[in-house]
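>>> Fold the following.
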Amino acid sequence: MKKPIMIFSFILTLVLMCGLIFTNTSFTNKKVYAKGLDSGHIIVVGKGEVEAQPDTIRVSFSLKCKAETMQAGQAKMRESIKAVTEKITQYNKDAVVYTNYSSSFPVFEGGLLGYEFDSCLIATSPNVEDANGLVDAVVEAGATSVHSVNYLLENKDEAYIKALK
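Residues are numbered from 1 along each chain as shown. Alright, predicted model coming up:
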């Protein structure tokens, strides 16, 4: 195994030396550098992989409601978001809940019947071990649907440094 590597290294060195000789001879007045870099630069390409435990759980979920007027629906949705946020943070004091998006639209059927409201919220927590508990809290708090449960690595710096090594 060492012999083919040595032969390959020798041939590669020979090719590079020939390239330097021909670019620096009197046959040409121009210097040619790889990728526009001047001499003295070395380009290194590599790949590193590191396994790391997730440090954050993120649950994406929706709240939906209906109301006869836009104002009543908005008030109802605000109350629902506040109640869900309080219930989740009571269950998990480290959880953070925020609204990802909200939408409202009129419902017609031979005339205006009312309005439907949909809000997508995200609950995050550093208590990764209790992911099922956070999902249960979201559902018990009144979520009409759970979109996704993701495990994340929020603090990537340490893993990045390990991968560089």
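>>> hey, which helix or strand in the protein has the poorest pLDDT?
Every helix and strand in the chain was compared by mean pLDDT, DSSP states H and E; the lowest is helix 2-23, with a mean of 54.
>>> C-terminal to that helix, which secondary structure element comes first?
strand 56-67 (DSSP states H and E).
>>> what angle separates the helix or strand following that next one from strand 56-67?
Once the chain leaves strand 56-67, the next helix or strand it forms, by DSSP H and E, is helix 70-91. Relative orientation of helix 70-91 and strand 56-67, computed by axes from the mean of the first three to the mean of the last three CA atoms, to 10 degrees: 150 degrees.
>>> And the contacts of helix 70-91?
Contacting residues not belonging to helix 70-91 are listed as 63, 65-67, 95, 97, 99, 102, 104, 114-117, 119, 121, 123, 133-134, 137-138, 140-143 [CB atoms under 8 Å, 6 or more residues apart in numbering]. Quick note: C-beta positions are derived from backbone N, CA and C, even for glycine.
>>> same thing but at 10 Å, please
The contact list for helix 70-91, computed with CB atoms under 10 Å, 6 or more residues apart in numbering, reads 59, 61, 63-67, 69, 95-99, 102, 104-106, 114-119, 121, 123, 125, 130, 133-134, 136-138, 140-144.
>>> shaky segments in this structure?
1-39 (pLDDT under 70).
>>> switch to 90 and redo it
Confidence mapping of the chain against pLDDT under 90 gives the ranges 1-52, 87, 90-93, 99-105, 108-113, 130-131, 133-134, 137-138, 140-142, 154-165.
>>> Roughly how far does residue 107 sit from residue 80?
Separation of residue 107 from residue 80 (CB to CB, to the nearest Å): 18 Å.
>>> So for the two, which sits in the more crowded spot?
Using other CB atoms under 10 Å as the criterion, residue 107 and residue 80 rank with residue 80 on top: 20 against 10.
>>> on that earlier part again, among the contacts of helix 70-91, the buried ones, what's the PyMOL command?
A single PyMOL command suffices to select whichever of the contacts of helix 70-91 are buried according to 16 or more other CB atoms under 10 Å:
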select buried, resi 59+61+63+65+67+95+97+115+117+118+119+121+123+125+130+134+137+138+141+143
